[in-house]
Each structure stands twice: as C-alpha cells, then as structure tokens.
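S.K.: Sequence plus predicted model, see below.
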Amino acid sequence: MIRSIFNHELNILETQFKDEVGMQDIVDYLLSFKEKTSYPRQLRTMVDARDATLTFSYKALKSFNKAKVESLKSYTIVVSAVVINSPTTAAISTLYGAIARNKKYKYKVFSTHEAAVGWLESFEFIEE
C-alpha cells in the first residue's frame with residue numbers, strides 16, 4: 001500500500017510504503033505525479049519504506065526510471081529522500097538512485113526520518 005500526504009508545514013510530500021509494495025504499485029505512484037498539478041513545481045518528497053516489503057527485483061528499476069522521467073516533465077526539480085531499514089531495500093534503493101539521478105531529480109537513501117528531512121531542507125528553492 002502507498003499513501004501520500006502533502007505536509008504544508010515542512011513543504012514536503014510525505015509518502016508511506018506499507019506492507020507489500022510491488023512493481024506496478026511504484027509505477028502507478030510515480031505516474032501519479034503527472035496529474036498532481038497542486039504540487040509545487042520545485043518539489044521535495046520523502047518516502048518512508050521502513051514498514052514495506054518490496055516484492056520486485058532490481059530488473060524493475062528501468063521501468064521505475066522510465067515512469068519517473070515521464071511523470072516529472074512539468075517539474076523544475078524534484079528532490080526525493082527514501083527512509084529504509086533493510087539492507088536489501090537499501091541496496092535496491094541505492095541502485096535506483098544511481099540510475100535515476102540527474103539535474104532535475106535528486107535522490108538519496110537514509111536510515112532515519114530526521115536525516116532525510118535535514119537533507120531535503122538543505123535544498124533552498126527560489127519562489128515561483
């Protein structure tokens with residue numbers, strides 16, 4: 001299950017991955033950004049995957065990147081932090097970051113919520 005809520009106080013889209021999360025769940029999550037016109041075009045996101053069991057292999061990472069590229073075309077920049085607590089999830093997440101990072105998309109893996117928020121807040125965006 002994937003659930004998101006925009007935290008207006010922190011100006012961060014907070015997403016919870018919980019229980020089993022498969023390849024199609026993540027592709028759908030990424031593609032949903034295309035329709036979310038209310039989100040800032042300079043977007044900070046944090047995914048908390050500590051309570052999730054990922055049910056896909058590293059082979060799905062290309063599909064995730066393709067969905068990400070398609071859905072983020074209308075954003076100036078997206079900065080995404082992922083909080084994990086499993087070595088397997090850390091490995092897959094780090095691999096995805098190596099594939100996905102570019103000038104418009106920054107991505108980093110963390111083991112604590114506090115460290116992720118600190119990193120996200122280090123990006124100062126110019127008001128649009």
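M.R.: On my side now, so go ahead. Numbers count the residues shown, from 1 in each chain.
S.K.: for the chain, which strand is longest?
M.R.: With secondary structure taken from DSSP state E, the chain has its longest strand at strand 42-54.
S.K.: got the CA positions of that one in PDB?
M.R.: In PDB, the C-alpha atoms belonging to strand 42-54 read as follows (Å, rounded to 0.1, in the frame of the first residue of the first chain):
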ATOM      1  CA  GLN A  42      10.100  22.500  -7.100                       C
ATOM      2  CA  LEU A  43       9.100  19.500  -5.100                       C
ATOM      3  CA  ARG A  44      10.600  17.800  -2.000                       C
ATOM      4  CA  THR A  45       9.400  14.300  -1.400                       C
ATOM      5  CA  MET A  46      10.100  11.700   1.300                       C
ATOM      6  CA  VAL A  47       9.200   8.100   1.100                       C
ATOM      7  CA  ASP A  48       9.200   6.100   4.300                       C
ATOM      8  CA  ALA A  49       9.600   2.400   3.300                       C
ATOM      9  CA  ARG A  50      10.500   1.100   6.700                       C
ATOM     10  CA  ASP A  51       7.300  -0.900   7.100                       C
ATOM     11  CA  ALA A  52       7.300  -2.200   3.500                       C
ATOM     12  CA  THR A  53       8.200  -5.400   1.900                       C
ATOM     13  CA  LEU A  54       9.300  -4.800  -1.700                       C
END
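S.K.: wait, what's in contact with K106?
M.R.: K106 makes contact with I77, V78, V79, S80, F123, according to CB atoms under 8 Å, 6 or more residues apart in numbering. All C-beta spots, glycine's among them, are computed from the backbone N, C-alpha and C.
S.K.: quick revisit: list the neighbours of the longest strand of the chain that are in contact with it.
M.R.: 10-22, 75-85, 88-89, 92-93, 113, 116-117, 120-121, 123, 125-126, 128.
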